[in-house]
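1. Starting from these lines, generate the structure:
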Amino acid sequence: QCHKNLQVRLYLWHLLVYTHSLYVTRMLSSRNSTNGFSPCIASAHRSALPVSRRLPRRLQPVRVFSDTEDISPGDFTPSYTNATKFELLKRVAGLNRGALANEASEAEIYALLEQLEDSGRNKVDINQIQGKWQLVYSSVEAFRSSPFFWAFQEGLLGGNRTLASAIFAYTDSVPGAEVGVAYQTLDLSMQRLESEVDLEVWGLPGLPGAKGTVVTSSRVEVAGPSRLAVTVESTRVANSNLLGPLLDQISVPVQRVFEQLRGSNATRVEAEVTFVDDELRITRTLPGREVFVYRRVY
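-> Below you'll find the model as predicted:
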């Protein structure tokens, strides 16, 4: 029974945002006010989580352009782009995908991101996004790289970013849960996007913790030269160390639930690929422009 309770905690951690959204939505509807949500949500903070990757240590320095400096197309040579990528990876290596970033490091990272995006402007080959990618930097909490949370913010909360950010921060501060490695696998020919986020919930005294991978399955379509339309369909927990294959068979129909609450296309969201090559991908959600940086696995 204790093992079962641990596994339920792991599973519900991913869906905690959804649960709070129903409470907040109903309360706001009854009070007709955006000031009535739980004080514990408003006071939440972003927690630091352990780093689970290894990145190159010796990387080439790169010139960082100032905001007022003129940049010509000739500045973006292949060697310049490679040096910029290496510098970006060096800057994010010790930041736990952005969770440990301060104002100065964020400014440096954004300068490098914008240089890469400028170098690839109007040159994105959308077919290069296919394959498996590992998250190395996020401008928001790492678990929000899952399209589940894109759909939650844009569909279920109607794009209310203030409320969504408060709820996400509260979820991120839940004690006893840690976010591990995060992946995305894209197959445009099959119109599939699989998001995987490793989670661990600390065990009770004398009992092992619960581990698993939250898998969100989505349909993905090319909506423009560099734009993707993602429709979240379902989410489940895989590779559980406690219930194993039994939990693998349980899938939450996210699309059906959200559409019952908010109407058709409630889980359809869009994202823009602002840079992609054989090694690195930068994606920004729309319209919020949250940034996610990935390194190619294969």
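2. where does residue 142 land on pLDDT?
-> Per-residue pLDDT puts residue 142 at 89.
3. swap in residue 288?
-> Per-residue confidence (pLDDT) for residue 288: 82.
4. mind checking how far the nearest residue to it once chain neighbours are set aside is from residue 259?
-> Of all residues not flanking residue 288 in the chain, residue 161 sits nearest, at 6.1 Å (CB to CB, 6 or more residues apart in numbering). Using the backbone N, CA and C atoms, a C-beta is placed for each residue, glycine as well. Per CB to CB, to the nearest Å, residue 161 is found 22 Å from residue 259.
5. and residue 167, that one's in a helix?
-> Yes. The assignment for residue 167 is a helix, going by DSSP: H, G, I helix; E, B strand; the rest coil.
6. quick one: it from residue 194, how far?
-> Distance from residue 167 to residue 194, by CB to CB: 25 Å.
7. Those two: who's more crowded?
-> Remark: of residue 167 and residue 194, residue 167 carries more neighbours, 27 against 16, as counted by other CB atoms under 10 Å.
8. now the stretch 101-250 of the chain, which segments are flagged as low pLDDT?
-> The stretch 101-250 of the chain contains residues with pLDDT under 70 at 171-176, 203-208, 243-244.
9. Just the helices from it, written as ranges.
-> Under the criterion DSSP state H, counting those that start in this stretch, helices of the stretch 101-250 of the chain are mapped to 103-119, 147-151, 161-172, 245-248.
10. for those helices, which one ends up most surrounded?
-> Of the helices of the stretch 101-250 of the chain, the one with the most neighbours on average (mean count of other CB atoms under 10 Å) is helix 147-151, at a mean of 27.
11. Residue 281 is nearest to which of the helices of the stretch 101-250 of the chain?
-> Closest approach to residue 281 among the helices of the stretch 101-250 of the chain (CB to CB): helix 103-119, 10.3 Å.
12. rewinding a little: would you agree the residue nearest to residue 288 is in contact with residue 152?
-> No. Applying CB atoms under 8 Å, one finds residue 161 not in contact with residue 152, separated by 11.6 Å.
13. How far does stretch 110-129 stretch from one end to the other?
-> One end of stretch 110-129 to the other measures 21 Å (CA to CA, to the nearest Å).
14. Please name the bridge partners of residue 220.
-> Residue 220 has these beta-bridge partners by DSSP bridges: residue 230.
15. what's near enough to touch it?
-> Residues in contact with residue 220 (CB atoms under 8 Å, 6 or more residues apart in numbering) are 186, 188, 191-193, 228-231.
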